[in-house]
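Enquirer: quick one: sequence plus predicted model below, questions after.
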Amino acid sequence: MNVEAEILDLKVRVGALEVALRSNVIPRHDDLVPAQIGPYRFDLPALVAQVSIGVAEIRAELADVRTELSQDLEALLVEVTGVRAQTNEHFDTIQSDLLAVIDSLRCDMIDLGLRLDRLTEADGA
């Protein structure tokens, strides 16, 4: 049974107990035999204790789920931070490589321009 269904069941049972306390009659449950129908003032503390234990168990389970979720989110944040750092490192490497290639092309263009100038001067002279 999942946690939501257990919580809903406990809410229904607590509501039934509250109604019974107001009317001094406990509602009939599946675990009671038909001969026990009627006012159950002596059974109320046991039923309230049972519900209290169930609520405590649900709270403990919820606390465990919250702890697990927070740990999972923390691990996810560490992973995301690692991926960001790795991506930035690769980006910086690629950017520096591209700038080196662009500088090399620029130098080659300047060299070609100088050669063309020399060739045009030699032909024109």
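Expert: All right, it came through fine.
Enquirer: remind me which residues of the protein are low pLDDT?
Expert: Along the chain, the parts satisfying pLDDT under 70 run over 1, 23-42, 124-125.
Enquirer: hey, which helix is longest across it?
Expert: Identified as the longest helix of the chain according to DSSP state H is helix 44-124.
Enquirer: and the gap between the residue nearest the centre of the chain and Asp43?
Expert: Geometric centre of the chain, nearest residue: Leu73, 5.3 Å, by C-alpha atoms, centre = their mean. Applying C-beta to C-beta, to the nearest Å, the value for Leu73 to Asp43 is 44 Å. The way it works is simple: take the backbone N, C-alpha and C, and place the C-beta from them, glycine included.
Enquirer: same thing with Ala100?
Expert: Counting by C-beta to C-beta, the gap from Ala100 to Asp43 is 85 Å.
Enquirer: who has more neighbours, the two?
Expert: Using other C-beta atoms under 10 Å, the more surrounded residue of Ala100 and Asp43 is Asp43, with 14 against 10.
Enquirer: check the spacing between the more buried one and Gly54 real quick.
Expert: In terms of C-beta to C-beta, Asp43 sits 16 Å off from Gly54.
Enquirer: ok, now Leu116?
Expert: From Leu116 to Gly54 the distance is 90 Å (C-beta to C-beta).
Enquirer: same deal with Glu121?
Expert: 99 Å.
Enquirer: so for these two, which sits in the more crowded spot?
Expert: Taking other C-beta under 10 Å, Glu121 and Gly54 do not tie; Gly54 has more neighbours (16 against 9).
Enquirer: that one reaches Leu10, doesn't it?
Expert: Yes. With contact defined as C-beta atoms under 8 Å, Gly54 counts as touching Leu10 (5.3 Å).
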